[in-house]
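Engineer: here's a sequence, model it:
(one chain, ligands or ions: 2)
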Amino acid sequence: MEPHPEIGPLLFSTEQIQSRVTELGAALGRDYEGRAPLLIAVLKGAFIFLADLVRAVPIPHEIDFMAVSSYGASTRSSGVVRIVKDLDLELEGRHVVIVEDIVDSGLTLSYLRRMLAARNPASLEVCALLARERIGPAARADLRYVGFDIPDDWVIGYGLDVAQRWRNLPELRIWTGSH
Ligand code: IMP
Ligand code: MG
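Structural biologist: Ligands and ions are numbered 1, 2, ... in the order given. Below you'll find the model as predicted:
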């Protein structure tokens with residue numbers, strides 16, 4: 001990608017991401033052996049993570065997608081989470097893993113958890129590529145699988161955007177633009 005003033009310092013290289021995703025996939029494979037888990041990616045940010053993750057999960061499983069929106073076009077939380085696209089599959093009796101790009105305030109996830117738990121899955125866990133170091137120990141303990149714990153800088157690339165831009169960067173970088 002061409003250099004651009006909004007594309008800041010490298011956070012994790014493609015090699016670092018791939019090796020961590022491989023470890024997460026192996027862990028899911030061990031933990032869900034014989035249970036055919038249902039991996040639910042939260043669009044749009046998690047689409048690249050899910051695509052790599054499924055290729056690292058060595059056991060049979062299914063995928064589904066849902067889209068929620070907790071931000072408008074800016075990087076500031078509106079405090080409102082809205083379902084933009086619901087699931088196709090039923091969750092009753094399924095072992096469900098929510099696949100998220102980043103847990104920032106945790107607002108999106110706590111909403112999703114409540115909503116999906118109400119559909120009676122056999123189990124419900126979270127696999128997040130990134131989690132803010134700032135989230136409290138209680139919220140962090142709720143995240144079964146986390147790729148990397150990161151500071152507060154806005155992150156772009158590997159599916160993560162700013163107002164729909166920069167998702168196509170192959171690595172994770174700090175955004176150095178301004179609102
Ligand atoms: P939360 O509800 O505050 O946890 O935010 C969840 C959503 O905000 C994530 O799933 C992302 O889509 C988005 N988000 C939060 N921080 C970042 C970031 O640094 N880069 C890109 N998207 C982010
Ligand atoms: Mg998201």
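
Engineer: tell me if Ser19 really is in a strand.
Structural biologist: No: assigned with DSSP: H, G, I helix; E, B strand; the rest coil, Ser19 falls outside any strand and is helix.

Engineer: C-terminal to the helix or strand bottoming out on mean pLDDT in the chain, what's the next element?
Structural biologist: Among the helical and strand segments of the chain, the one scoring lowest on mean pLDDT, DSSP states H and E is strand 77-85, with a mean of 75. Sequence order places strand 95-103 as the next helix or strand after strand 77-85, per DSSP states H and E.

Engineer: list the helices and strands that following strand packs on?
Structural biologist: strand 38-43, helix 47-54, helix 107-117, strand 123-132, strand 145-150 (3 or more CB pairs under 8 Å, 6 or more residues apart in numbering; DSSP states H and E). Glycine gets a C-beta too; all of them are placed from N, C-alpha and C.

Engineer: of these, which is nearest Lys85?
Structural biologist: strand 38-43 (6.7 Å; CB to CB).

Engineer: just checking, Gly25 touches Arg55?
Structural biologist: Yes: counting by CB atoms under 8 Å, Arg55 is a contact partner of Gly25 at 7.4 Å.

Engineer: more neighbours: those two, which one.
Structural biologist: Gly25 (20 against 11; other CB atoms under 10 Å).

Engineer: which of the helices or strands spans that one?
Structural biologist: Using DSSP H and E, Gly25 falls in helix 14-31.

Engineer: can you confirm Asn120 is in a strand?
Structural biologist: No: according to three-state DSSP, the state of Asn120 is coil, so it is not within a strand.

Engineer: now it, nearest residue through space, not along the chain?
Structural biologist: Glu92 (5.0 Å; CB to CB, 6 or more residues apart in numbering).

Engineer: which ones are touching the one you found?
Structural biologist: Neighbouring residues of Glu92 by CB atoms under 8 Å, 6 or more residues apart in numbering: Arg119, Asn120, Pro121.

Engineer: go again using 10 Å as the cut-off
Structural biologist: The contact partners of Glu92, by CB atoms under 10 Å, 6 or more residues apart in numbering, come to Arg119, Asn120, Pro121, Ala122.

Engineer: same question for Ile17.
Structural biologist: Leu11, Ile48, Phe49, Asp52, Leu129, Gly147, Phe148, Gly157, Tyr158, Pro170, Glu171, Leu172.
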